[in-house]
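Novice: Provided below are the primary sequence and the corresponding predicted coordinates.
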Amino acid sequence: MNTSRALLTGIAALFLVTGAAHTTAAHAEITEQLMPTDKWIKYCRGGADPSAKWYQWVCSVYIKGVSDGLIVSDKICAPNSMTIQKAMDVVIAKAASHPELQHEYFGILVTGALIEEFPCASARIPRQ
C-alpha cells in the first residue's frame with residue numbers, strides 16, 4: 001500500500017512540475033508576442049535575409065488581423081483597394097512620426113494608425 005501511494009505521489013508531483021514548466025513556457029511566448037512597438041517596427045521593415053522576410057510576414061499577418069477586426073466592427077472604412085502593404089506603410093509612418101509610442105503595445109499603434117488613416121463618415125448606414 002505504501003509503495004502504491006509513493007508511486008501515485010511521485011506521478012502527481014511529476015504532472016505538477018511539467019505543468020508548471022509548460023505554463024512558464026507559455027507565459028514567455030505570450031510575453032514575446034506583447035513586445036513593444038520599436039521591435040515590431042524592425043520586423044515590419046524587413047530586410048534582405050530570409051529571417052527578416054519571415055518577420056515581415058508575421059508583421060503583415062498581425063496588421064491584417066487588426067485591420068480585419070476594425071473593418072468588421074465598423075471602426076475603419078478602408079477602400080476595397082487597400083492592401084496589406086498599404087496598411088503596413090501607414091503603421092510604419094505613424095511609428096516614425098510618433099517616437100513617444102515606441103515602447104507602447106504595438107496593437108495600440110496599429111489600431112490608432114488605421115483609424116486615423118481610414119476614418120468612417122459619421123453618417124454611415126448601419127448594417128442590418
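Specialist: That came in fine, so what should we check first? Treat the numbers as computed from the prediction; the structure is a model and nothing was measured.
Novice: From now on I want contacts and neighbour counts done on CA atoms only, so please keep to that.
Specialist: OK.
Novice: Kindly report the domain assignment for this protein.
Specialist: For the chain, the domain assignment from automatic domain parsing gives the residue ranges 1-33, 35-128.
Novice: least reliable of those domains going by mean pLDDT?
Specialist: Set side by side, the domains of the chain give their lowest mean pLDDT on domain 1-33, at a mean of 45.
Novice: for this structure, what spans make up the helices?
Specialist: 2-33, 37-45, 50-72, 84-97, 106-117 (DSSP state H).
Novice: Okay, angle between the fourth one and helix 106-117 too, please.
Specialist: The reference is to helix 84-97. 100 degrees (axes from the mean of the first three to the mean of the last three Cα atoms, to 10 degrees).
Novice: For helix 84-97, buried residues please.
Specialist: Residues 87-88, 90-92, 94-95 are the ones in helix 84-97 that count as buried (16 or more other Cα atoms under 10 Å).
Novice: Same check on the third one?
Specialist: Going by neighbour count (16+ other Cα under 10 Å), the buried part of helix 50-72 is 52-53, 55-56, 59-60, 62-64, 66-67, 70-71.
Novice: Make CSV out of those residues and add distance to residue 112.
Specialist: Shown next, in CSV, are those (distance: Cα to Cα, whole Å):
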residue, distance to residue 112
52, 25
53, 25
55, 22
56, 20
59, 16
60, 16
62, 14
63, 12
64, 14
66, 11
67, 11
70, 10
71, 13
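Novice: Please consider this matter closed, and thank you.
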